[in-house]
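Student: have a look; sequence and predicted model below, questions after that.
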Amino acid sequence: MKEYFLPPKIFNELLSYAKKEKLIELEKIVNKHDNGTILVEPWEVEILLNVARLWRLQAILKYPFWDSDHPKFDPVHEELFMDEQEDKWGKIAMTFPT
């Protein structure tokens, strides 16, 4: 087990998502946090990272022209994509080891 910290706002988003999608194990994991500090097993880290990956893929589908290398690059898509990264999945991906 290892201790990590994420802003409580991220745990609130994870908990809302877990309840909405009826992801019982994710809900149990998220409920272990204490004001942003959480002690988790490697398999629990994997579940949290999978949610971050899913949210990243959803952002790519919502804003497909976010990447400046894309021929149809759209700065609005880039801004919205980066906002989601900053507010949601990016913090999870940067906190837990892959």
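Tutor: In hand now; what should we look at? Numbers count the residues shown, from 1 in each chain.
Student: any idea of the mean pLDDT in stretch 26-39?
Tutor: Averaged across stretch 26-39, the pLDDT comes to 97.
Student: what comes into contact with it?
Tutor: With contact meaning Cβ atoms under 8 Å, 6 or more residues apart in numbering, stretch 26-39 is reached by 1-8, 11, 14-15, 17-19, 40, 44, 47-48, 51. Where C-beta positions appear, they are placed from N, C-alpha and C, glycine not excepted.
Student: can you pull the buried residues of it?
Tutor: Neighbour counts over stretch 26-39 (16 or more other Cβ atoms under 10 Å) mark 26, 27, 29, 30, 33, 38 as buried.
Student: go through the residues you listed and flag which are in strands.
Tutor: If you go by DSSP state E, the buried residues of stretch 26-39 have residue 38 in strands.
Student: so for this structure, the centremost residue is which one?
Tutor: residue 89 (2.6 Å; Cα atoms, centre = their mean).
Student: which residue ranges of this protein form helices?
Tutor: With DSSP state H as the criterion, the chain has helices at 8-21, 24-30, 42-62, 75-87, 89-95.
Student: using TSV, please lay out those together with distance to residue 69.
Tutor: Output for the helices of the chain, formatted as TSV (distance: least, Cβ to Cβ, whole Å):
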stretch	distance to residue 69
helix 8-21	29
helix 24-30	33
helix 42-62	13
helix 75-87	11
helix 89-95	19
